[in-house]
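1. predicted model and sequence follow; I will ask about them next.
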Amino acid sequence: MTDELPRTDTATNAAGGDPYPAAGQPLLRIEGVAKTFGTFRAVDGVSLDIKAGEFFALLGPSGCGKTTLLRMLAGFEAPDEGRILLGGKDIAQALPHERPINMMFQNYALFPHLSVRDNIAFGLKRAGMPRADIATRVAEMVALVKLEGLEKRKPDQLSGGQRQRVALARALARRPQLLLLDEPLAALDKKLRESTQGELMELQRRLGMTFIIVTHDQEEAMTMASRIGVMKAGKLAQVASPRELYEAPRSRWIAEFVGDINLFDGESKLRDGHRLVIGTRDAGALVVAEPREPLGAGKLAVAIRPEKVKLSRRGPVSEAGRETAINRLDGVIADICYLGGTTTFKVKLDSGGMVQASVVNSARIDVDAYSLNQHVVAWFTPDDCVVLLS
Amino acid sequence: MSSRRIFARPARFAAIAPYVWMVLFFLVPFAFVLKISLSQTAIAQPPYEPVFDLAAGWDALKTAFAALSIDNFRLIVSDDIYVFAYVRSLTVAVTATALLLLIGYPIAYGMARLPERWQAVAMVLVIVPFWTSFLIRIYAWINILQHDGLLNQILLALHLVSQPVVWLSTDTAMYIGIVYSYLPFMILPLYATLAKMEPALEEAAGDLGAPPWQVFWLVTFPLSLPGIGAGVLLCFIPIVGEFVIPDLLAGSNSLMIGQTLWLEFFTNKDWPVASAAAIVLLVVLLVPLLLYERLQKRQLEQGR
């Protein structure tokens, strides 16, 4: 991974299409795309803009329509409604081989009868690239994914991680305007997955390519993507940066899907300057910052991430203690879950509810650790909570 | 340990069962046939000599052994009738197998791409003809193909021909009969290979810029070669020795080796020559079998 690969130009773009739009320029526009299988509406009116150079993740539980959407981008399914514009051209009805888009398949779909070299060269041959150029490009790709020496092997003579690299090299070889990745790391074990995540990000940045990844693993999406589209029941529930998605989820469902969260159902609502006071059954009255967008009608819930809940023996400490409106919940420790880097405490509140607090284990020897059944105060500031509509 | 005792014996039996079967129902009969092929025809019961009689003593056995000769094989190799019969059998088998592949492949491919629910239905439809006796089905073809049969009636009604066409007792009729009878044996192994092929492979080929015909030629076809090999062998070998279909549907001017065998055995009562013809046929058929086996072995080694 030493040589800087040239960003593509028209002459070497194997797909023979238009050159890449510059980074940041709009590349892909999905307009009201829908797909129905029988009576099941797999994708239900999705609209989305993706800019050149983005690393975009489609995140959602299985059956949410993310794979169907990806397959429509690749051309394996034709949308029933809507348009898919790539560089301004509607490609919704184009066949897969006519699109300057390549895909890395979930189980890699490597051709078992072809060697590593021939797998990578497959797309280049189809594009009518001269023989010498193919050899150069294949060597370049093999070096890029660090498969030197394995060119003559067949896919079933490779390890899972090596196969994954061949699949990546094969999909990248044509220098597509857009690379689709369908659960690319799902078949790898945890350690390999984490290192591959880093390599994929590095590769994407270096090639300046646009990646769309489909995954059900929210951690993977958060780690790699610059923007995430969360899908639920065929619709895009929220499109946001990882931070925004985590800190400002738009609905209770998203808050629960992305990471862990404490939720308190609201029963009443009072305005107090720039604050709202929400009466909850499980945790009493909670003071929260007023949301930027006015809340609609519906059931309210106060949400707080576990790592934003602090624990202490007597009450709020440090400068936060000086704040006038602090949320303070008394309870006893009901469960301790040591996770190495952090410890998760479950606190049974005197008001009846339960709250989870995640504490960083910053010292190796903690002489003052909390123990089961110990009385503690769980506290958090109004700015750390989010008000959500169910 | 106890689990080992439970499974060891049936497993061992399962391992030797095919060999026992082969010895009892292939090697022993083969030895008989081989011995008869080395004997001379005689007006006796059985109609050949020498006959090994263990009760006659050692010297008699030795004389009997000395009486064996390869004259029958010389006859078969030198007489045009037999050579022509072998050539015709092989020609018919190659042509019919090629036709079967051309017809069977699209059907198997179509079946493998059906929704799963319909694949089972299609499978039953392929197998259904087996529920009727093979002979009855061939006789039905005689009915269809004869002078005033169904085919000619339809052709006349559609004004495609003005005179009834002679179908029966032609090679066309024989090929119709063979292709019809052997089609399931071609379709089933092809279908099995195509159905278990990962659909994503074809999608990947399309994604990488291959138009549909290239997807087929570069991915689907090479990956279905094991199925093609199995189907071709399953059809080719029995067609070479086919007797009933050419006898009932083809003309009598040129015979296949199966028919020649029948004639020697039942009409001429020449068991030794018939046996020799059968042995030569077996050797002829061993060649493609061994080729196929070697091909498979090479594929296996490459896969490793």
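-> Thanks, I have it. Treat the numbers as computed from the prediction; the structure is a model and nothing was measured. Numbers count the residues shown, from 1 in each chain, chains lettered A, B, ... in the order given.
2. list of residues touching stretch B:49-56?
-> Residues from elsewhere that reach stretch B:49-56 (Cβ atoms under 8 Å, 6 or more residues apart in numbering or on different chains): B:35, B:39-40, B:42, B:60-61, B:63-64, B:67-68. Bear in mind the C-beta positions are built from the backbone N, C-alpha and C, glycine included.
3. redo that, cut-off 6 Å
-> B:40, B:42, B:64, B:67 (Cβ atoms under 6 Å, 6 or more residues apart in numbering or on different chains).
4. one more: stretch B:226-242?
-> So stretch B:226-242 is contacted by B:89, B:93, B:96-97, B:100, B:178, B:182, B:185-186, B:189-190, B:193, B:258, B:285, B:292 (Cβ under 6 Å, 6+ apart).
5. could you work out the most separated pair of these?
-> B:Thr193 and B:Gly258 (29.6 Å; Cβ to Cβ).
6. show me what contacts residue 275?
-> You didn't say which chain, so I picked chain A. When contacts are taken as Cβ under 6 Å, 6+ apart, A:Arg275 is in contact with A:287, A:382.
7. try chain B instead
-> By Cβ under 6 Å, 6+ apart, the neighbours of B:Ser275 are B:33, B:36-37.
8. what residues does the stretch 1-150 of chain A have near chain B?
-> By Cβ under 6 Å from any Cβ of the partner chain, the part of the stretch 1-150 of chain A that sits against chain B consists of A:74, A:76, A:96-97, A:102-103, A:105, A:109, A:113, A:122-123, A:126-127.
9. low-confidence ranges, the stretch 1-150 of chain B, go.
-> B:1-9 (pLDDT under 70).
10. which elements pack onto the strand or helix carrying B:Pro184?
-> Taking DSSP states H and E as the criterion, B:Pro184 maps to helix B:171-195. With contacts defined as 3 or more Cβ pairs under 6 Å, 6 or more residues apart in numbering or on different chains; DSSP states H and E, helix B:171-195 has these neighbours: helix B:80-112, helix B:134-145, helix B:225-240, helix B:244-249.
11. can you redo the ones you listed as CSV with mean neighbour count?
-> Supplementary listing: the helices and strands packed on helix B:171-195 in CSV, determined by neighbours: other Cβ atoms under 10 Å in any protein chain shown:
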stretch, mean neighbour count
helix B:80-112, 18
helix B:134-145, 15
helix B:225-240, 20
helix B:244-249, 20
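12. start to end distance for stretch A:60-68?
-> 12 Å (Cα to Cα, to the nearest Å).
13. actually, stretch B:23-41.
-> 27 Å.
14. what residues of it count as buried?
-> Neighbour-count burial for stretch B:23-41 flags B:33, B:35-41 (criterion: 16 or more other Cβ atoms under 10 Å in any protein chain shown).
15. okay, the lowest-mean-pLDDT helix or strand in chain A in CSV with CA atoms only?
-> Taking mean pLDDT, DSSP states H and E as the measure, chain A has strand A:262-272 as its least confident helix or strand, at a mean of 85. The C-alpha coordinates for strand A:262-272 follow below in CSV (Å, rounded to 0.1, in the frame of the first residue of the first chain):
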residue,chain,number,x,y,z
ASN,A,262,-32.3,4.7,29.0
LEU,A,263,-35.8,5.7,28.2
PHE,A,264,-38.4,7.2,30.6
ASP,A,265,-42.0,7.5,29.3
GLY,A,266,-43.3,11.0,29.8
GLU,A,267,-46.7,11.7,31.4
SER,A,268,-46.8,15.5,31.6
LYS,A,269,-44.9,18.5,30.1
LEU,A,270,-44.1,21.9,31.6
ARG,A,271,-42.2,24.8,30.0
ASP,A,272,-39.6,26.6,32.2
